[in-house]
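Visitor: heads up, no residue letters with this:
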């Protein structure tokens, strides 16, 4: 075993000779250290996707390129298959909806002959004088019924006239039907007159009070020019909060009865809109 010692301190020539006589060896080889820039560049080169190919042979590099090409082709085929399946699913859904609609029209036609899609337009069956009268009444009703076009109203009037109804009865019947149709905003005073479980109304929040149950979010009175009614908003509905003075439009409110009075409840099937919120002048 060698008894030579290695020291790295800088020595003079005389001191070096003395150390050699004593059996010591001075290592004057300079220590090489990488700079910060070299370390960063080394990490970048190591992590580069093509760094592993630098040491590959030509055959290995060709094999790697072929593997990458095959992976890209496989991904493209999978993407095409997914698009084909999605297109097929959309087509199947459309066909199922169309078939369901046809079956519904057939059942509806057994009750109301005008629901048959193959049936001619009832307006074509009227005389010119009756058709002119129907168009005049349809124009008048279109001004009173929001959300209904003149064409839709005239068709309903023509159906009743073609069935032998008088014009006055047809006008009253169509007005009552469309005025209380599902989705149509009705006056609050008519909430108790509608023969269905849900209605759409619009009014202003007149008063709010503390809920009697932790499951209730808001409870208060909603009013318009025709009257007022009680509105209960349940927390489970996840509806937005309302404040006194807000103008709100509620679609799909559930109609409830308590002590002979109709009231409304906002459930998960309801929606609340604020026509005046976010106006630029506010």
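Guide: Thanks, I have the structure now. What you are looking at is a predicted structure, and each value in this text was computed from that prediction instead of being measured.

Visitor: got the domain boundaries for the protein?
Guide: 123-179, 185-273 (automatic domain parsing).

Visitor: for residue 62, which of the ones you listed is the nearest?
Guide: Among these, the nearest to residue 62 by C-beta to C-beta is domain 185-273 (60.2 Å). For glycine as for every other residue, the C-beta is placed from the backbone atoms N, C-alpha and C.

Visitor: for residue 99, find the nearest of the domains of the chain.
Guide: Closest among the domains of the chain, once you apply C-beta to C-beta, is domain 123-179, at 25.2 Å.

Visitor: top helix in the protein by residue count?
Guide: helix 58-111 (DSSP state H).

Visitor: give the other helices and strands that the helix or strand that contains residue 175 contacts.
Guide: Per DSSP states H and E: residue 175 is located in helix 167-179. Contacts defined by 3 or more C-beta pairs under 8 Å, 6 or more residues apart in numbering; DSSP states H and E place helix 167-179 against helix 128-144, helix 150-162.

Visitor: rewinding a little: tell me the mean pLDDT over the longest helix of the chain?
Guide: Average pLDDT, helix 58-111: 78.

Visitor: so how far is that helix off the chain centroid?
Guide: Remark: helix 58-111 is offset 23 Å from the chain centroid, using C-alpha atoms, centre = their mean, to the nearest Å.

Visitor: partner residues bridging residue 254?
Guide: Under the criterion DSSP bridges, residue 254 forms beta bridges with residue 198, residue 265.

Visitor: relative to residue 264, how far out is it?
Guide: 7 Å (C-beta to C-beta, to the nearest Å).

Visitor: and those two? which has more neighbours close in?
Guide: residue 264 (22 against 17; other C-beta atoms under 10 Å).

Visitor: so what's the spatially closest residue to the more buried one that is not a sequence neighbour up against?
Guide: Among residues not flanking residue 264 along the chain, residue 253 sits closest, at 4.2 Å (C-beta to C-beta, 6 or more residues apart in numbering). Residue 253 makes contact with 198-201, 231, 264-266, 270, according to C-beta atoms under 8 Å, 6 or more residues apart in numbering.

Visitor: where does this structure have low pLDDT?
Guide: Counting by pLDDT under 70, the chain shows low-confidence ranges at 1-32, 44-56, 101-102, 104-120, 147, 180-182, 278-282.

Visitor: about what we covered before: JSON lines for the contacts of residue 253, including distance to residue 37?
Guide: Formatted as JSON lines, the contacts of residue 253 follow (distance: C-beta to C-beta, whole Å):
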{"residue": "198", "distance to residue 37": "72"}
{"residue": "199", "distance to residue 37": "75"}
{"residue": "200", "distance to residue 37": "71"}
{"residue": "201", "distance to residue 37": "73"}
{"residue": "231", "distance to residue 37": "71"}
{"residue": "264", "distance to residue 37": "73"}
{"residue": "265", "distance to residue 37": "71"}
{"residue": "266", "distance to residue 37": "66"}
{"residue": "270", "distance to residue 37": "66"}
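
Visitor: with respect to residue 58, which of the residues you listed is nearest?
Guide: Using C-beta to C-beta, the contacts of residue 253 come closest to residue 58 at residue 270, 71.2 Å.

Visitor: the closest residue to the closest one other than its chain neighbours sits in which helix or strand?
Guide: Closest residue to residue 270 apart from its sequence neighbours, by C-beta to C-beta, 6+ apart: residue 252 at 4.4 Å. Using DSSP H and E, residue 252 falls within strand 247-258.

Visitor: mind checking how far that strand is from the chain centre?
Guide: 23 Å.

Visitor: which of the residues in that strand are buried?
Guide: Buried residues in strand 247-258, counted by 16 or more other C-beta atoms under 10 Å: 247-248, 250-255.

Visitor: need the residues you listed in TSV (columns: distance to residue 140).
Guide: Formatted as TSV, these follow (distance: C-beta to C-beta, whole Å):
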residue	distance to residue 140
247	28
248	30
250	29
251	27
252	29
253	30
254	33
255	30
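
Visitor: ok, so of those residues, who is nearest residue 225?
Guide: Once C-beta to C-beta is applied, the member of the buried residues of strand 247-258 that ends up nearest residue 225 is residue 247, at 12.6 Å.

Visitor: relative to residue 40, how far out is the closest one?
Guide: Taking C-beta to C-beta, one finds residue 247 at 63 Å from residue 40.

Visitor: what does residue 81 give?
Guide: For residue 81, the distance to residue 40 - C-beta to C-beta - is 44 Å.

Visitor: right, I'll leave it there.
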